[in-house]
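**Q** test case, fold it:
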Amino acid sequence: MKGKFLTVAFFCVMFAASAFAQKSGKLVVVQGASDVDGKSNVTEKLLEECIVALPSMKELEADVTASTEYLKEINGEAGKNDHVKVYTASVRVSYKVRQKLLIIITQNSLEGTAPVTRTEERIIMKEAPPFTSDPGEGNIFAGRSNRRYYYTSPEAAGDNAKKRAQIWVSQQQNVLCSVGK
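**A** Okay, here's the model as predicted:
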């Protein structure tokens, strides 16, 4: 149907242009472009978001990695250089979020139909950025002017990363969804 309409419109314009050209002796070139393709576009707009559930502090587990470093002047002692096994840890926190979305569906058409809108709710899992152990709180250090700290036990590195994750989880308690929503 659209194709016939465009074809008829094209011939009408060409006929009018040829008649005008015969009277005035001028040639008129008509160009047109359209994005009417009948396709639908779906967009989402986030209206509201709140946390439904957070993990308990007991569920947090640290992923500890070990490496061997050559440290110079360990704990400030001149000449005490050695290979030391050091540890780092990270904790990932996954939590459940409820989102309220506005779904907007538009269509490229000649009729110019109004967009269709509706709101939807969904519950999804999200993950906070990983919480890593802070080497500045390590139990040994190396170097004099450029001092760097390290953990020498996996438990200390893991506990530090867990502590950082627990602080974040406790701060999120304030933005939990209300019971009545």
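
**Q** residues near Thr152, how many?
**A** 14 (other Cβ atoms under 10 Å). The way it works is simple: take the backbone N, C-alpha and C, and place the C-beta from them, glycine included.

**Q** and the pLDDT for it?
**A** Per-residue confidence at Thr152 stands at 92 (pLDDT).

**Q** got it, and Val13?
**A** pLDDT at Val13 comes out at 53.

**Q** beta partners for Tyr151?
**A** Counting by DSSP bridges, Tyr151 forms beta bridges with Tyr87.

**Q** mind listing what it touches?
**A** 86-89, 133, 135, 138-139, 157, 160 (Cβ atoms under 8 Å, 6 or more residues apart in numbering).

**Q** contacting residues for Trp168?
**A** Counted by Cβ under 8 Å, 6+ apart, Trp168 has contacts 93, 128, 131.

**Q** could you pick out the buried ones from those residues?
**A** Burial by neighbour count, judged by 16 or more other Cβ atoms under 10 Å, picks out 93, 131 from the contacts of Trp168.

**Q** filter the contacts of Trp168 down to the ones in strands?
**A** The strands, defined by DSSP state E, take in Phe131 from those.

**Q** as a markdown table, the contacts of Trp168 with distance to Tyr150 and pLDDT would be great.
**A** Listed next are the contacts of Trp168 as a markdown table, based on distance: Cβ to Cβ, whole Å; pLDDT from 0 to 100:
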| residue | distance to Tyr150 | pLDDT |
| --- | --- | --- |
| Val93 | 25 | 95 |
| Ala128 | 25 | 93 |
| Phe131 | 18 | 95 |
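
**Q** between the contacts of Trp168, which sits nearest Gly112?
**A** Ala128 (44.9 Å; Cβ to Cβ).

**Q** now do the contacts for that closest one.
**A** By Cβ under 8 Å, 6+ apart, the contact list for Ala128 reads 92-95, 165, 168.

**Q** widest-spaced pair of those residues?
**A** Ser94 and Trp168 (12.4 Å).
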